[in-house]
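Student: can you look at this prediction? I've put the sequence above it.
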Amino acid sequence: MIITVVGNKKEVKDGLTVAELIEQEKVETPQYVTVSVNDEFVENGNFATTALKDGDNVEFLYFMGGGQ
């Protein structure tokens, strides 16, 4: 199946989970990443059970603290 990962189309295996995609994409600090699929946030605890579908759009977001 074809999905879009951070703006890039990729062919991945059918039924790939968010957790598997994070590993496959070698996401740095996966414990701090927030994932959205088709503009819907996926709960961190659901990464292993959320299967991606053909045509999905996946974004990895990192929230950083800081400021004054």
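Tutor: Yes, it's here.

Student: quick check: chain neighbours aside, which residue is closest to Asn35?
Tutor: If you look again at residue 35, you'll see it is Val, not Asn. Val42 (4.8 Å; C-beta to C-beta, 6 or more residues apart in numbering). Using the backbone N, CA and C atoms, a C-beta is placed for each residue, glycine as well.

Student: the one you found: how many residues sit nearby?
Tutor: Val42 is flanked by 18 other residues according to other C-beta atoms under 10 Å.

Student: and Val33, by the same measure?
Tutor: 18.

Student: that one: what's it in contact with?
Tutor: Residues counted as contacts of Val33 (C-beta atoms under 8 Å, 6 or more residues apart in numbering) are Ile22, Val27, Phe60, Leu61, Tyr62.

Student: from those, which land in helices?
Tutor: Ile22 (DSSP state H).

Student: for Val6, state which of the contacts of Val33 is nearest.
Tutor: Each of the contacts of Val33 was scored against Val6 by C-beta to C-beta, and Phe60 proved nearest at 6.1 Å.

Student: if I look at the closest residue to the closest one other than its chain neighbours, how far off is Ile3?
Tutor: Leaving aside its chain neighbours, Phe60 sits nearest to Val33 (5.2 Å; criterion: C-beta to C-beta, 6+ apart). Per C-beta to C-beta, to the nearest Å, Val33 is found 17 Å from Ile3.

Student: again with Glu40
Tutor: 14 Å.

Student: of these two, give the one with the bigger neighbour count.
Tutor: Ile3 (19 against 7).

Student: beta partners of that one?
Tutor: Beta-bridge pairing of Ile3 under DSSP bridges involves Lys10.

Student: wait, it touches Lys13, no?
Tutor: No. Ile3 lies out of contact with Lys13 (C-beta atoms under 8 Å); the separation is 10.6 Å.

Student: fine by me, we can end here.
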